[in-house]
Structures are given as structure tokens and as C-alpha cells.
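1. One predicted model, sequence on top.
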Amino acid sequence: MGILGRLSTLIKSNVNDAIDSMQDPGKGIDQMVRDMEDYARQARAEVGRCIADERLLERRVQSIEGEIAEWEKRAETAIRAGDDTLAKQALARKAEKETERDDAKKALQDQGVYADQLTAALKSLDTRLKDVKARKETLKAKARSNRQGTLTDKTSAFNEFERLSSRVDATEAEASLDDELGGRTTRRIDVERQLEQMQTDSKLDDALADLKRKLGK
């Protein structure tokens, strides 16, 4: 679970329940504030990284667009020279670059969505942090009153939060491994590769024919 998942869980958690689980509410509430401040710092740093990554991806998309145009020009040159084989090779490279561009665009879009979600979560956490700070002493007094002098031996709410997060991480990792290892035989993979190659060859033939029509060849 990344910082966004941790923030979401923290924002949705019930402050009063967390306080009730603390061995020492006086120290526990102070620690809660420090933990929330730490998560806020992590989130701000992550937002900064997201913005930097978005700029890199934007430049990457622009760079690949230039490479796509260059490979098309090379294919056109080969067609004019009457070399269809070389033209198809250039078109194959163009197709590879188009796939790279599409992947980069998808990554850019995902990064933007993630940055927006993280920013919204950070704002919610800041609001909750201000509220807890403003009511810190009141919360401590209320916790002492509710406990009536009896301390329970429960695990810290934030330690429990981290434990649950680790369990989620492990579950996600196991699920990912199951997906990678499940059900695909060598024969099936070979068949899929053959079909993909046939589809690629057909697309190259179509691309060559389209470019020839464009050039009047």
C-alpha cells in the first residue's frame, strides 16, 4: 500500500476509536499528531515527485512524436527508392515508437489522476490534522475520563494501522504472483506469439499500402 492508500485509511479512521485503543492517551495523542504530520510531509514530497514525473513524461511524449515522424520520412524515402523491404522495416520501427508513445501517454494520464487524488487526500489530512491539534487537550481529558483510571493493554492504533497495511501489501503481492504463474502453458504462449506476429505482418502490409497511396506510388 502506497502513501495514497495510507492517507485514505487514515482519513477514514475514527479518531475517537484510535484514542480508545491507546495505552497512554496523553502520549498517544501527541504521537498521533506527529504521525499525521509525517504522513503530510511524505504526501507533499510525493506530490512534488508526481509533478516532476509528469513533466518528464510530457517531454518523453514529444520526443517520441519526433521519432515517429522521422521513421515515416525514412519509409517514404525507401518507397521512392523502390525498396519495399526497407520501407517495411522503417514502418515497423514507426509502429514500435507509436506503441511507446501510447504507453507514455497512458502513464502521463495515470500520473495526473494519481497526483489529483493525492492532492485531495493531502487537503483532507491537513483539515483533520488542524482539528486534532485544536482539540488535542480536550481529547486527552475526554480519554482520561472515559478510561476512569483503567489502562488497557491494546496495541497502538497506528501500529495496528501499519500492520494492516503490511497485510494488504502481502496480499496484493501474492495475488500478483498468482496472476503471473497461473494457467499459461508453453504451447499456448507459442500460439499467441504466432498470432501476434501474423497480426503485426498484416498491419505492416497495410501501413505500406497506405503510405504508397499517400505518395501516389
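-> Done, it's in. Numbers count the residues shown, from 1 in each chain.
2. Pretty sure M36 sits against L129.
-> Yes - contact criterion Cβ atoms under 8 Å: M36 and L129 qualify, at 4.7 Å. Just so you know, the C-beta spots here come from the backbone N, C-alpha and C atoms, and that holds for glycine as well.
3. which of these two has more neighbours?
-> M36 (21 against 18; other Cβ atoms under 10 Å).
4. what ranges do the helices span in the protein?
-> Remark: helices assigned in the chain by DSSP state H are 3-12, 15-20, 25-80, 84-134, 136-147, 157-181, 186-215.
5. Switch those over to TSV; also include mean pLDDT.
-> TSV is the format used below for those (pLDDT from 0 to 100):
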stretch	mean pLDDT
helix 3-12	77
helix 15-20	69
helix 25-80	90
helix 84-134	91
helix 136-147	70
helix 157-181	51
helix 186-215	69
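6. what's around G28, how many residues?
-> With other Cβ under 10 Å as criterion, G28 counts 20.
7. Help me confirm that it comes into contact with M22.
-> Yes - the pair G28 / M22 is scored as a contact, 3.2 Å apart, by Cβ under 8 Å.
8. Mind listing what's buried along stretch 108-120?
-> 108, 111, 114-115, 118 (16 or more other Cβ atoms under 10 Å).
9. any chance of those residues in JSON lines, with distance to E100 too?
-> Below are these laid out as JSON lines (distance: Cβ to Cβ, whole Å):
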{"residue": "L108", "distance to E100": "12"}
{"residue": "Q111", "distance to E100": "16"}
{"residue": "Y114", "distance to E100": "21"}
{"residue": "A115", "distance to E100": "22"}
{"residue": "L118", "distance to E100": "26"}
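10. Closest to A207 out of those residues?
-> Comparing those against A207 with Cβ to Cβ picks out L108 as the nearest, at 25.3 Å.
11. mind listing what the residue lying closest to the closest one once chain neighbours are set aside touches?
-> The shortest distance from L108 to any non-neighbouring residue, by Cβ to Cβ, 6 or more residues apart in numbering, is to L57 (4.2 Å). Residues near L57 by Cβ atoms under 8 Å, 6 or more residues apart in numbering: 104, 107-108, 111.
12. Over to G112?
-> Taking Cβ under 8 Å, 6+ apart, one finds E54 in contact with G112.
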